[in-house]
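Chemist: Sharing a model that was predicted from the sequence below.
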Amino acid sequence: MRSAAVLARNSSTDTRYRHACSSWDRMSPRKSRLLRGCAITALLALITGLLVIVAGLLVPGQITRKLEAGIQDSIVWRPTSSPSVDARYRNNTAPGSPDDFFKVWMFNISNLDAVRKGAKPILEQVGPYVHRAYHERHEVLWSDNGRVHFKDYTYFVLDENLTTADLHAPIATLNLPLLGVLANLHEHVSPSLAPWVDLLTQMIARYQGDPDVRGLFTVKPAVQLLWGYEDRLLALLARILPPGTLPHGAMFALMNNMSGLQEALSQEPNVFNTGALDITQVWNIEADHGRTAVTSWPCPEPVRGSDAMQFRPGLTEKDRLTVFIGDIFQAADLIVNSTVDLHGVKLLRYWLDPAQAEPNPCHNMDIRGLINITGPQAGGFTGRANASGPYIFISMPMFCGVDDRLVQDVEGLRCDWEKHMTWIDVEPTTGVTMRAYKRLMLSSRLGPLGSVLEPGVAGNLTIPMFWAEETGQLTHDLARQFKSSVYRAQWFIANLGKMCWILGGSLILIGILLAVLTVELASDPDKWPGQPASDVVVLAAARDMLSVRVDGGGLPVSSSAGASENSSEGVTTANVERRPLLQPVGPGSEIVSAE
């Protein structure tokens, strides 16, 4: 009986074991495919993550180099430049070019009769007279050394729609051409002719042939003072004075508006460095109308710097800029004052270095903020130093930044730094000037000789005559084009590396997790999540075989509950209930320990 029971139990166990093995074999291919898929996915995630990180290290550099190359192509003027780049340098008359305005305000001495008797001048600002400024470059030639030669043609056209002031308003001011004649007479006439000069001076003081002339002052319509007129007194003097005393004849104008293209073509060319060989030298002027230095200063001034249109790319707030200003025959240093925004484009605002306003004997400056260009104005770029002529002073409008004594000598001047300061807004990445306000004021004085003829007026009284403002700025369309190209590339350069590190790192982490999971599942199939119910039954059957206890004699023990005794064999079994070590708690459930 006992042997039959044991054999029956062993036969049942063998059957369940073979069934479990058979089910396990049927399940292995599915798990193998899943494991193989996990392994491949982990490997792909690791490789892709590494490639993404490498791309994040390399691609931003490639974009940076392409951006720099694109910027150089857009700021270096070559014979092969694109039409837009060529048009930007060649002229500002092409369709879509930013408007360039030139505005002038005149100062009228409203109490002229009282001033001639010693009163303080009361100045009345009249204007603005708004003009459109046009710049053209002709006979353009490039050289192999990275230079470009051309001739400038600049002219102004009055915009009557924007001009609200009366063009024919009478302006009482100093008579500069007459003051120039007196200065030339005393410089060129020999001492033996001095009595004749004094007599001529007295005649000039009492001259009544022109109702506009009032001693050493004049009253003329604004438009004539600005753009020229024939002075009757100068015409008379031209007939009796030695040749060369009146270099410009009887014509006089405060502003120079070229008569036409032929006048421009008759001048010597300008020479600029294109930056093709050295981008840090882009658009630096090397010759102004063929002249490389201003020798009419006590200390020769080399022609240097930019014309404020283009500077070297990659500027920072610590960089200084140099601009050559032909109107004052010298270069000016600019420093960063602030950062500003124009149509969404970030710009560095540069203005004049305050140190340049200090007195400087090399430029005949003895008053802070007041530039004395008398010599260069009279003798030109290459004239002798300290040439004689009417006193000409250049400063900021309204005497901003000038010694307070000059402001107190007249009435009617109110300085507003925002409205009267010269500044330019430069885009630092490209070095392109995208907004500019150039503002200068011209003043004069009678001087010692003039005060003899006008005894009521102090010779050192500096009287402003007019101030001018030239402006231009980037249009909305050009700003949008700039942002879509440069700013977009800069965004990718700044963020692509970070994005690649985040994405690549995430992929690598996913790959590592998948690899660890694959190894764990391959080494212990019991850890597979979500086992189907059939698999649970099979695994339970397999484990049930291992849960059978064996007695001291090596025979299987009955699984029935309670205690029994086999008196014939003397074998006693413990009165305990046996359970498998692992058992299912329900269809499709996890296998939990019963221990």
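Modeler: Noted; the coordinates are in hand.

Chemist: mean confidence for the lengthiest strand in the chain?
Modeler: Looking across the chain with DSSP state E, the single longest strand is strand 123-142. The average pLDDT within strand 123-142 is 94.

Chemist: What of stretch 377-397?
Modeler: Stretch 377-397 comes out at a mean pLDDT of 87.

Chemist: Start and end of that stretch, how far apart?
Modeler: For stretch 377-397, the first and last residues are 19 Å from each other (C-alpha to C-alpha, to the nearest Å).

Chemist: Tell me which residues touch the residue nearest the centre of the chain, please.
Modeler: Centroid check for the chain by C-alpha atoms, centre = their mean gives E427 as the closest residue, at 1.3 Å. Contacts for E427 (C-beta atoms under 8 Å, 6 or more residues apart in numbering) come out as 345-348, 433-434, 482. Bear in mind the C-beta positions are built from the backbone N, C-alpha and C, glycine included.

Chemist: As a check, name the ranges of all strands in the stretch 351-500 of the chain.
Modeler: With DSSP state E, counting those that start in this stretch, the ranges of strands along the stretch 351-500 of the chain come out as 371-372, 393-395, 423-427, 432-444, 463-473.

Chemist: Same list, those strands, but as TSV with distance to G305 please.
Modeler: Shown next, in TSV, are the strands of the stretch 351-500 of the chain (distance: least, C-beta to C-beta, whole Å):
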stretch	distance to G305
strand 371-372	16
strand 393-395	17
strand 423-427	12
strand 432-444	13
strand 463-473	17
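
Chemist: farthest pair in the contacts of E427?
Modeler: Comparing every pair within the contacts of E427 by C-beta to C-beta identifies L348 and F482 as the most remote, at 15.0 Å.

Chemist: Below-threshold pLDDT in the protein: ranges please.
Modeler: 1-28, 30, 186-195, 197-198, 200-210, 241-242, 244-248, 524-595 (pLDDT under 70).

Chemist: Apply 50 and report the result again.
Modeler: Scanning the chain for pLDDT under 50 picks out 17, 19-27, 533-534, 537-539, 541-542, 545-546, 548-595.

Chemist: Next, find the distance separating P302 from R291.
Modeler: Relative to R291, P302 is positioned 10 Å away (C-beta to C-beta, to the nearest Å).

Chemist: More neighbours: which of the two?
Modeler: More neighbours surround R291 than the other of P302 and R291, with 15 against 12 (other C-beta atoms under 10 Å).

Chemist: measure the closest residue to that one other than its chain neighbours to Q62 for me?
Modeler: Counting by C-beta to C-beta, 6 or more residues apart in numbering, R291 lies nearest to F381, which is 4.4 Å off, once chain neighbours are set aside. Taking C-beta to C-beta as the measure, F381 falls 48 Å from Q62.

Chemist: of those two, who's got more company?
Modeler: Under the criterion of other C-beta under 10 Å, the comparison of F381 against Q62 puts F381 first, with 19 against 11.

Chemist: tell me the phi and psi of the nearest residue to L277 once chain neighbours are set aside?
Modeler: What sits nearest to L277 in space, not counting adjacent residues and going by C-beta to C-beta, 6+ apart, is G146, at 3.9 Å. Note on G146: backbone dihedrals following degrees, to the nearest 10 are phi 80, psi 20.

Chemist: you'd agree G146 is up against V271?
Modeler: No: taking contacts as C-beta atoms under 8 Å, G146 lies outside contact range of V271: 10.9 Å.

Chemist: and those two? which has more neighbours close in?
Modeler: Taking neighbours as other C-beta under 10 Å, G146 and V271 compare with V271 leading, 20 against 17.

Chemist: Which stretches in the stretch 101-250 of the chain count as strands?
Modeler: 123-142, 147-158, 170-174, 213-214, 217-221, 229-230.

Chemist: Alright, calling it a day.
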